[in-house]
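Enquirer: coordinates for the following, if possible.
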Amino acid sequence: MNATTTRGCLLAALACVLVGGSFTANSLLGDYPYAGGQFLRYGLACLLLIPLAGPGAAARLRVLAARQWARLALLAAVGMVGFNLAVLAAERTAEPAVPGVFVGCAPVVVAVVVPLLDGRRPRRAVLYGAFMVAAGAFAVQGWGRTDTAGLVWSAGALAGEVGFAVLAMPVLRPLGPRLLSATVCAVAALESAAAGLLLDGTAWLRRPDATETAALLWQAAIVTVVGFVCWYMGMQRIGAERATLFSGLIPVAAACTAPLVGTGSYGLAQAAGSALVGAGVALGSGALNRTPRRRSRPVHGAHDAHDVHDAHDVHDAHHVPEAPAVPEPPDAPGAREGARPLARKQR
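Expert: Purely as a prediction, here's the structure:
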């Protein structure tokens, strides 16, 4: 791997580890209204991200077409608010491992869907790695009791996970990671408020206590701000197919941290599954490929000198469409929350 691919892999891995390791915050927010919690989380994250969006942010938003704004609204509704709602609804009638196993299949779906949308065949190494990641995530989490409703909502969570990656790529180019994160957080906050008023009426929002405040601050500042920016910066460098492979680290991180707070154990099955996830990520991301990569041509339209430097730094052995060098506004280096094996994993 070249330096750009390595940085992209590390950023995607950090984002997913933050999600998987944040499951303790979920247990502290179990009694807080869902829509109100999402509103506060995404609203605060947006306020924190706005000063980091960089110069020209307003101008970049003004030139977005109506279809791009529609994609942003769909990204927030499906990949953030809808994803979290699907996981919580699935856990009403299914054990937490069930939606976790479904979400663990996201790398396989993305490895097939993205190439088809680009009019090409799936890359064999990425597809094989995705199957290994899905199998490893299953080994880490296991299976649990469920019913038809639990399976349907779990499938909805899978769709949200896939949408979070696939829907973002076309708007990641013009906005960059930080402005995209700020924008989708603002849209998700508005959608959460609308859903809360519609479903819960005046009870959708209340003042959080000290413990809930600390949990919301963690979810907003660390999991959402840091996690989202790292995720989109990683996806910007290595593409949606390879970045989604790292979502297999979410249940691994959750399983590793669960014993620290007494909500789970880490045994041989978790260790074997973690190893399989790691092997799948290494295979699919190209970490095992030592073939020299040729330098791609510079990307036109970078916003500043930093963008031009990053564009020249992108390498691509096969010149694959899913991992283009994306013009990067000054974005320097996150559903999400994760719970016991994916219990109440939230983005």
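
Enquirer: now stretch 277-290: buried residues?
Expert: For stretch 277-290, burial by neighbour count (16 or more other CB atoms under 10 Å) applies to 277, 278, 280, 281, 282, 283, 284, 285, 286, 287. For glycine as for every other residue, the C-beta is placed from the backbone atoms N, C-alpha and C.

Enquirer: next step: those residues restricted to strands.
Expert: Counting by DSSP state E, no part of these is found in strands.

Enquirer: so among the residues you listed, where is pLDDT lowest?
Expert: Ranked by pLDDT, the buried residues of stretch 277-290 bottom out at residue 287, which has 76.

Enquirer: quick one, what contacts residue 81?
Expert: Each residue near residue 81 by CB atoms under 8 Å, 6 or more residues apart in numbering is listed here: 38, 188, 191, 192, 195.

Enquirer: can you give me the neighbour number for the first one?
Expert: Per other CB atoms under 10 Å, the neighbour tally for residue 38 reads 27.

Enquirer: so it makes contact with residue 84?
Expert: Yes: using CB atoms under 8 Å, residue 38 is in contact with residue 84, at 6.4 Å.

Enquirer: closest one of the contacts of residue 81 to residue 271?
Expert: residue 38 (34.1 Å; CB to CB).

Enquirer: now the closest one: which helix or strand?
Expert: helix 34-49 (DSSP states H and E).

Enquirer: what lies in contact with the helix or strand following that helix?
Expert: With elements assigned by DSSP H and E, the helix or strand that comes after helix 34-49 is helix 57-62. By CB under 8 Å, 6+ apart, the residues outside helix 57-62 that reach it are 50, 174, 175, 176, 179, 182, 183, 329.

Enquirer: same thing but at 6 Å, please
Expert: For helix 57-62, contacts defined as CB atoms under 6 Å, 6 or more residues apart in numbering pick out residue 179.

Enquirer: quick check: the farthest pair among the buried residues of stretch 277-290?
Expert: Applying CB to CB across the buried residues of stretch 277-290, the maximum distance is between 277 and 286, 16.2 Å.

Enquirer: end-to-end on stretch 196-208?
Expert: 16 Å (CA to CA, to the nearest Å).

Enquirer: swap that for stretch 142-151, please
Expert: By CA to CA, one end of stretch 142-151 lies 15 Å from the other end.

Enquirer: list the buried residues of that stretch.
Expert: 144, 146, 150, 151.

Enquirer: buried residues in the helix holding residue 38?
Expert: Buried residues in helix 34-49 (16+ other CB under 10 Å): 34-46, 48-49.

Enquirer: on contacts alone, who are the packing partners of it?
Expert: Judged by 3 or more CB pairs under 6 Å, 6 or more residues apart in numbering; DSSP states H and E, helix 34-49 is in contact with helix 169-200.

Enquirer: measure how far the helix it packs on is from the centre of its chain, please.
Expert: Relative to the mean C-alpha coordinate of its chain, helix 169-200 is positioned 13 Å out (CA atoms, centre = their mean, to the nearest Å).

Enquirer: stretch 42-50 too?
Expert: 17 Å.

Enquirer: pLDDT on that stretch, on average?
Expert: 96.

Enquirer: and the contacts of that stretch?
Expert: 181, 182, 185, 186, 188, 189, 220, 224, 225.

Enquirer: what's the burial count for the residue found closest to residue 137 once you drop the neighbours it is linked to in the chain?
Expert: Spatial nearest neighbour of residue 137, excluding adjacent residues (CB to CB, 6 or more residues apart in numbering): residue 104 at 3.1 Å. Applying other CB under 10 Å, we find 29 other residues in the vicinity of residue 104.

Enquirer: quick check: residue 104 vs residue 153, distance?
Expert: In this view, residue 104 and residue 153 are 16 Å apart by CB to CB, to the nearest Å.

Enquirer: equivalent analysis for residue 72, please.
Expert: For residue 72, the distance to residue 153 - CB to CB - is 24 Å.

Enquirer: repeat for residue 192
Expert: In terms of CB to CB, residue 192 sits 18 Å off from residue 153.

Enquirer: let's see the pLDDT reported for residue 301.
Expert: With respect to pLDDT, residue 301 has a value of 38.

Enquirer: hang on, the earlier thing: how distant is the helix holding residue 38 from the center of its chain?
Expert: With CA atoms, centre = their mean, you get 16 Å for helix 34-49.

Enquirer: and for stretch 91-107?
Expert: 16 Å.

Enquirer: list the contacts for residue 212?
Expert: Here residue 212 is in contact with 29, 32 (CB under 6 Å, 6+ apart).

Enquirer: next secondary structure element downstream of the host helix or strand of it?
Expert: In the assignment (DSSP H and E), residue 212 maps to helix 210-218. Counting by DSSP H and E, the next helix or strand C-terminal to helix 210-218 is helix 227-245.

Enquirer: now find how far off-centre that following helix is within its chain.
Expert: 8 Å.

Enquirer: much appreciated, bye for now.
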